[in-house]
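Novice: I'll drop the sequence and a predicted model, then ask my questions.
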Number of protein chains: 4
Amino acid sequence: MIIVLKQGTAQREIDSLTARITAMGDITVTPIIGTDLTILGLVGDTTRVDENQIESQHCVERIMHVAEPFKKANRMFHPVNTTVRVGGSVIGGEALTVIAGPCSVESEEQIVGIAKAVKAAGATLLRGGAFKPRTSPYSFQGLKYEGLELLQAARRETGLPVVSELMSPMDIDVFMDKVDVIQVGARNMQNFDLLRQLGRIDKPILLKRGLSATIEEWLMSAEYILSEGNPNVILCERGIRTFETYTRNTVDLGAIPAVKRLSHLPVLVDPSHGTGKAWMVEPMARAAIAIGADGIMVEVHNDPAHALCDGQQSIKPEVFSEVMKDLRAIAGVIGRSV
Amino acid sequence: MIIVLKQGTAQREIDSLTARITAMGDITVTPIIGTDLTILGLVGDTTRVDENQIESQHCVERIMHVAEPFKKANRMFHPVNTTVRVGGSVIGGEALTVIAGPCSVESEEQIVGIAKAVKAAGATLLRGGAFKPRTSPYSFQGLKYEGLELLQAARRETGLPVVSELMSPMDIDVFMDKVDVIQVGARNMQNFDLLRQLGRIDKPILLKRGLSATIEEWLMSAEYILSEGNPNVILCERGIRTFETYTRNTVDLGAIPAVKRLSHLPVLVDPSHGTGKAWMVEPMARAAIAIGADGIMVEVHNDPAHALCDGQQSIKPEVFSEVMKDLRAIAGVIGRSV
Amino acid sequence: MIIVLKQGTAQREIDSLTARITAMGDITVTPIIGTDLTILGLVGDTTRVDENQIESQHCVERIMHVAEPFKKANRMFHPVNTTVRVGGSVIGGEALTVIAGPCSVESEEQIVGIAKAVKAAGATLLRGGAFKPRTSPYSFQGLKYEGLELLQAARRETGLPVVSELMSPMDIDVFMDKVDVIQVGARNMQNFDLLRQLGRIDKPILLKRGLSATIEEWLMSAEYILSEGNPNVILCERGIRTFETYTRNTVDLGAIPAVKRLSHLPVLVDPSHGTGKAWMVEPMARAAIAIGADGIMVEVHNDPAHALCDGQQSIKPEVFSEVMKDLRAIAGVIGRSV
Amino acid sequence: MIIVLKQGTAQREIDSLTARITAMGDITVTPIIGTDLTILGLVGDTTRVDENQIESQHCVERIMHVAEPFKKANRMFHPVNTTVRVGGSVIGGEALTVIAGPCSVESEEQIVGIAKAVKAAGATLLRGGAFKPRTSPYSFQGLKYEGLELLQAARRETGLPVVSELMSPMDIDVFMDKVDVIQVGARNMQNFDLLRQLGRIDKPILLKRGLSATIEEWLMSAEYILSEGNPNVILCERGIRTFETYTRNTVDLGAIPAVKRLSHLPVLVDPSHGTGKAWMVEPMARAAIAIGADGIMVEVHNDPAHALCDGQQSIKPEVFSEVMKDLRAIAGVIGRSV
């Protein structure tokens, strides 16, 4: 951590600040005195230093981080890739993960039919929303608990583990029982109360990146889960909010190699939410694998034109089969498999 | 609502889509046929039309909204300003609201002392965080339930109604009992589960704008609360996330006249979180009132350099008194009072 | 074009506005009258309608575009892909374009050496900056006219056509003589005076996307060049500015399929400027090709650690050879070649 | 400047890098060695250090700035406010500057009429576009040289100094002769060739902030002009590009106190371009003055509904008179005058 002091800070203020910092833990403070500016370089266990507190000192102009603030999510301290086991599937290993299914579960016939189709095409997990976060209170909000039951039916029929989004801490017990991977949506990425509670279970958590979350904040949200004891975190890039409105969001594919360098956690890409356009899913899925993602999460619907949600960004099972062919070919180029 | 059709859409597809739409409710569809493009204009109760569903039709290129999607929050249907009563105070009336207090409650001495000081300077409500949403799991997370008790003590001593942030739906009952205004933080602005539950009580809700929320999404989150039956929603602009990093966030003051035009709900500005810099609070507070906000929410701490949270953006009580003088003068210019 | 009228607009105002619009050209106005809102749908030659002028009418609430405002750049009116010939190379055809070379030309030995190396690895054009747009007036600004001479030398030695950035309209004649493709940098993407002048020559123009330009604005800048008569426009995505600071910019790969759908112009990706990190160039280049770009533009330097500019994002010739191997493999997957 | 080294950097690499840096000028390098990271703190004349060059060293993870990179624009080295004299008017002094006039000059009658009206209401300078930067090549591009002549006529009639936008370096001589303040538009803020040439004259330059320019980049563009010898730079905030689309841009009023702290240059606000909505100009102008801007630049048109450009954001002379009344009242509150 670097502390930039205000011009004209007196030596006794520097001494007093240094004493205060060293009292916080095992930290060494090195002053660097320039003509115009004095800075203090801190090394040691700086996670104990509350940056806001230091920044509010009268003599402090501003603070700059050197080390990343996340520890358990940090590759520096855990150089080996984390893999997460779900059923017979391993997420983050050499083989790519493909999570496919409808935006929302609508009926047993629908979810079982789609599950069979995506399994046949090579999907490794089934997605399906039971509780849907919708911008409008007047939009379809999902089948809720009934949706979870229907996902169970689809799992029984196909053997595919199921992924579904949790919206309330009150439903954790039900999700423990009914789903294989609990999804935290982009809008809840900094719902710290929820994250902390999900850190106390051992179910795999799929943590989507928030619409305006930096890579660092995303990894700090993973840290919330990891720090409570649950090591099974899977990240998922799904597009960030920018000034561009042609696509629903802007997929930040550069975040994939960035996360791979900064962290040991597996990271997927959701080309459906990221682009919001069915015709863009196939090229974006190819690019996601080409850049090094551990897999994709994609919306597939047997009848997008009648889907109760997100039909405009869902692809049909037959298109999904084509996507899978592309992914197999690209995976081969970069030394992975599907 | 406007539906832009793909080039070369056949008449029978137009007919079929029109039939499907009119079956959704009391909607009139007017086709406008150009050389290159055909568009359908929809009027009537278009809230029944699920845009995603229409957008997923094969012949649809894209959809454009004409009417705002919020109804109960919409000034078009409720031309008169909403006012929210809290204790003896009215939020959204001619007199400005000034909510002041520390980022977090730290001790009885601290919160009571600050409460007295801000009351003396003219604050109308006391703020104080008991549950703190922090980016890092290793930062101070608030005194929690004990913090709520200390807020009660400060209210008893000063008579100021208290505002505090709720992070979990499991704590709604406690907050009903202990605070006068429940704050929903920026990170939970689209925690729809929480919003819906807050719509079922009648306690005033202070809804902060999310870091990357459009004005429309913010009003849709207010709509979640209103649609469940709670009319007491107060909006609060606290800065949005942009590419600029000099300030913590970019305060979007243009959102104030925008919200005033689009909605009847009261709207405040938080110059402390918005700028992240104590020395910027005073000018930003002046500007907030000058542009027409119904008041401000500001962090005041007796000893920012030892604050457990956000000291860098907190002002001292004596600076707060100066801010109040400015606000009184500016309020006079625009025909309001403090 | 859709015109949304203010609530309560009188019929005579609608008639007067309609008359004014139809006087502007061959335009049909269809009114759609709802309970709360009236909208006017315009079809015909709406390029003649100045949106600002209409929007300033007293009865107009706002305007919405239906058709894209670009014509010559629009795939709707030019369904076939444009290809641009440079030397023996074709940009926008089945074979991918690879433009490689140093950020800036530094010496004859440097540019000739790099030119030979990138040619050997498979590059089809040589890039090299002679005039450098630098944020700071105190940074190295390029060798200027001498740099153009050195590029000529590299072209003579290797036969590679050369690409270099133009910063002033006063240098167009020199560039006509010395380079094969004139680059317009991101910061000049809306330097309309320059664009217009470049539309009056027939030299191919490489038009980089501005840091905060929407896809529509980018295509409108292409339209400036095309509308003056120069059909040889090549687009290049190089990252947009977002809130994320880990990478220098955020590469918007979704813009590639978007541009391909909206326009017939060839489009490249610059993974060097887009990411600002040498170690990210290889995965981003793979993703660019996988998503459908017509090629890449990449910074290669024989000695990045001593480069006078952008060394941190330049790769060495031997890494470039590896990138080329990847691109060949990915090109094969999507039915293209290098 | 802080250099963060890669984990495991050997001592001889540190020594070699240190030697290289100290060879660049009068710079002291202090190493700070932590358990996981080593950082180098640089003080002295770090403007000589090319950050890109350092960042491209193999052992360097990344670089962080401590000092601002601008010198002549920096308040640290020029604590006293700069004032710019234009005719009898002083920009940046105690009295506020009000630049008013139409988006574009349309006719002698129009510009002289508006000039008289805005002068009567209290404007201190007249604005009027002769060369217009338009997103579309098909929109009205201004009266060009004829427009400059008409501005001269308005100046003769009213005595108001005139401000107009320059788009090409080829027109500098004409502008030297015809206008009193040369405006550089947002889209040319990083047209470094133009900035450098404007640094070689002594005419006051009004430098608008680019749509996606950070405050630091804006001040670096001012530095381009200042470093060539022209001290007469006036800054103008006009809104930045964000995800919010309700307003044309997002006015970053927080940039005003930020610029005042970082620099000694005068800074204005343009509420017309910033919001794009005539009804928002008045409240935004009030807020601009309340936050400490040195004045405003506002579009006034006698007949917005027939304006050839930007009518939707222009106010009528009678509204402008009301705005002036507000500004006088607010100026009084903060100890300034109009």
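Specialist: Ah, there it is.

Novice: What parts of chain A come near chain C?
Specialist: Residues of chain A lying close to chain C by Cβ under 8 Å from any Cβ of the partner chain are A:212, A:214-216, A:240, A:242-247, A:250-258, A:261, A:274-275, A:279-280, A:283-284, A:286-292, A:326, A:329-330, A:333-334. C-beta here means a position set from N, CA and C on the backbone, and glycine is covered the same way.

Novice: check those residues against chain B, which are close?
Specialist: Among these, the ones lying close to chain B by the criterion of Cβ under 8 Å from any Cβ are residue A:212.

Novice: Buried by neighbour count, from the residues of chain A next to chain C: which ones?
Specialist: Those of the residues of chain A next to chain C that meet the buried threshold are A:212, A:214-216, A:240, A:242-244, A:246-247, A:250-258, A:274-275, A:280, A:283-284, A:286-292, A:326, A:329-330, A:333-334, by 16 or more other Cβ atoms under 10 Å in any protein chain shown.

Novice: All the strands of the stretch 1-150 of chain A, in order from the start?
Specialist: Taking DSSP state E, counting those that start in this stretch, the strands of the stretch 1-150 of chain A run over residues A:2-5, A:27-33, A:38-44, A:60-64, A:84-86, A:89-91, A:97-101, A:125-127.

Novice: quick check, the second one touching chain B?
Specialist: No. If you take Cβ under 8 Å from any Cβ as the test, strand A:27-33 misses chain B, and the best it gets is 14.6 Å.

Novice: what's in contact with that strand?
Specialist: Identification of contacts with strand A:27-33 by Cβ atoms under 8 Å, 6 or more residues apart in numbering or on different chains yields A:14, A:18, A:21-22, A:38-46, A:48-49, D:28, D:30, D:32, D:34, D:41, D:43.

Novice: Kindly supply the ChimeraX command isolating those of the residues you listed that are buried.
Specialist: Buried members of the contacts of strand A:27-33, identified by 16+ other Cβ under 10 Å, are gathered into one ChimeraX selection as follows:
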select /A:14,18,21,38,39,40,41,42,43,44,46,49 /D:30,32,34,41,43
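
Novice: State the distance from the closest residue to residue A:10 other than its chain neighbours to residue D:75.
Specialist: Among residues not flanking residue A:10 along the chain, residue A:59 sits closest, at 7.9 Å (Cβ to Cβ, 6 or more residues apart in numbering or on different chains). Noted for residue A:59: a distance of 18 Å to residue D:75, by Cβ to Cβ, to the nearest Å.

Novice: can the helix or strand bottoming out on mean pLDDT in chain A be found next to chain D?
Specialist: Within chain A, confidence by mean pLDDT, DSSP states H and E is lowest for helix A:51-55 among all helices and strands, at a mean of 79. No. Contact of helix A:51-55 with chain D (Cβ under 8 Å from any Cβ) is absent, the minimum separation being 14.6 Å.

Novice: same thing with stretch A:76-90?
Specialist: Yes. Under the criterion of Cβ under 8 Å from any Cβ, stretch A:76-90 makes contact with chain D via residue A:76.

Novice: In PDB, list the C-alpha atoms belonging to that stretch.
Specialist: As requested, C-alpha coordinates have been extracted for stretch A:76-90 and formatted as PDB (Å, rounded to 0.1, in the frame of the first residue of the first chain):
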ATOM      1  CA  MET A  76      -0.300 -15.600  -5.700                       C
ATOM      2  CA  PHE A  77      -1.100 -17.700  -2.600                       C
ATOM      3  CA  HIS A  78      -2.800 -20.600  -4.400                       C
ATOM      4  CA  PRO A  79      -0.900 -21.100  -7.700                       C
ATOM      5  CA  VAL A  80      -2.800 -24.300  -8.700                       C
ATOM      6  CA  ASN A  81      -6.100 -24.100 -10.500                       C
ATOM      7  CA  THR A  82      -9.200 -24.800  -8.400                       C
ATOM      8  CA  THR A  83     -11.500 -27.500  -9.800                       C
ATOM      9  CA  VAL A  84     -15.100 -27.900  -8.700                       C
ATOM     10  CA  ARG A  85     -16.800 -31.300  -8.800                       C
ATOM     11  CA  VAL A  86     -20.500 -31.400  -9.600                       C
ATOM     12  CA  GLY A  87     -21.900 -34.900 -10.100                       C
ATOM     13  CA  GLY A  88     -19.500 -36.600 -12.400                       C
ATOM     14  CA  SER A  89     -18.400 -33.400 -13.900                       C
ATOM     15  CA  VAL A  90     -15.300 -31.300 -13.100                       C
END
